[in-house]
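1. Just to be clear, the model below is a prediction. Sequence and coordinates:
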Amino acid sequence: MKVLKKAALGAVLVGITASTVYAAVKPDDAIEYRKATMEVIGWNFGPLGGMLKGKVPFDAALAKRNAERLEYLAALPLEGFPPGADKGEKEKTTAKETIWEEPDKFKDLFEKMGSESAKLAEVAASGDEGAIKTQIGEVAKVCKSCHDDFRVKH
Ligand code: HEC
């Protein structure tokens with residue numbers, strides 16, 4: 001039974017990969033995907049932002065764990081912004097036209113989010129509260145900078 005399930009899951013995964021590569025993604029699906037990945041990013045950044053504001057007790061281990069997650073997560077949303085997915089039929093989006101006008105700048109900011117999160121994971125391993133909070137601020141700046149330029153005010 002387990003083997004069968006794995007085989008079925010494998011087939012589904014291969015199907016998803018093939019359809020992403022060979023067929024145009026529906027704008028609604030792309031929007032759903034990018035909002036979902038961004039939600040996961042928001043969830044994992046939440047307690048870090050809370051620590052910075054003093055609303056969540058400082059916890060270096062949690063900061064390290066979530067920074068490592070954010071480093072990985074930074075690579076996920078980009079493919080949710082393919083050409084033609086600026087608007088959906090059913091899905092609402094706050095993505096700005098500028099994403100498709102300045103794709104390199106947009107991509108660079110995701111890479112920056114990844115590298116600043118990697119740095120945060122490193123600093124968090126030291127346990128130094130001041131340094132960790134400073135670096136959380138650096139990650140937050142990347143979120144803000146991208147939202148300012150590439151997201152409609154809501
Ligand atoms: C390179 C650009 C970029 C970076 C970096 C970025 N975001 Fe976003 N984010 C977006 C865009 C664009 C949207 C709007 C997506 C849409 O509505 O289609 C968004 C949406 C969101 C949303 C709302 C998701 C929803 O359900 O509509 C949250 C929460 C969020 N971002 C959190 C974060 C946090 C926290 C960070 C930093 C750790 C971050 N983002 C970094 C571009 C970025």
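-> The structure has been received and is ready for your questions. Numbering: from 1, shown residues only.
2. next SSE after the helix ranked longest in the chain?
-> For the chain, the helix with the greatest residue count under DSSP state H is helix 27-53. With elements assigned by DSSP states H and E, the helix or strand that comes after helix 27-53 is helix 60-73.
3. and the angle from that following helix to helix 27-53?
-> 160 degrees (axes from the mean of the first three to the mean of the last three CA atoms, to 10 degrees).
4. circling back to that earlier point, touching the ligand at all, the longest helix of the chain?
-> Yes. Counting by CB under 6 Å from any ligand atom, the ligand is contacted by helix 27-53 at Ile31, Arg34, Lys35, Met38, Glu39, Ile41, Gly42, Phe45. For glycine as for every other residue, the C-beta is placed from the backbone atoms N, C-alpha and C.
5. can you list the weak-confidence ranges in this protein?
-> 1-23 (pLDDT under 70).
6. list the buried ones in the helix or strand Ile136 falls within?
-> Using DSSP H and E, Ile136 sits within helix 129-150. Buried positions in helix 129-150, judged by neighbour count with 16 or more other CB atoms under 10 Å: Ile132, Lys133, Gln135, Ile136, Val139, Val142, Cys143, Cys146, His147, Phe150.
7. now check it, is it near the ligand?
-> Yes. Judged by CB under 6 Å from any ligand atom, helix 129-150 comes into contact with the ligand at Val139, Val142, Cys143, Cys146, His147, Phe150.
8. Need the max-distance pair from the residues you listed.
-> Val139 and Phe150 (16.8 Å; CB to CB).
9. The helix holding Ile136 vs helix 60-73, what angle?
-> For helix 129-150 against helix 60-73, the angle by the same axes, to 10 degrees is 30 degrees.
10. Quick one: list the elements packing against helix 129-150.
-> Judged by 3 or more CB pairs under 8 Å, 6 or more residues apart in numbering; DSSP states H and E, helix 129-150 is in contact with helix 27-53, helix 60-73, helix 98-101, helix 103-126.
11. Save those as JSON lines, and put in mean neighbour count and distance to Lys87 too.
-> Output for the helices and strands packed on helix 129-150, formatted as JSON lines (neighbours: other CB atoms under 10 Å; distance: least, CB to CB, whole Å):
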{"stretch": "helix 27-53", "mean neighbour count": "17", "distance to Lys87": "7"}
{"stretch": "helix 60-73", "mean neighbour count": "19", "distance to Lys87": "25"}
{"stretch": "helix 98-101", "mean neighbour count": "15", "distance to Lys87": "11"}
{"stretch": "helix 103-126", "mean neighbour count": "17", "distance to Lys87": "17"}
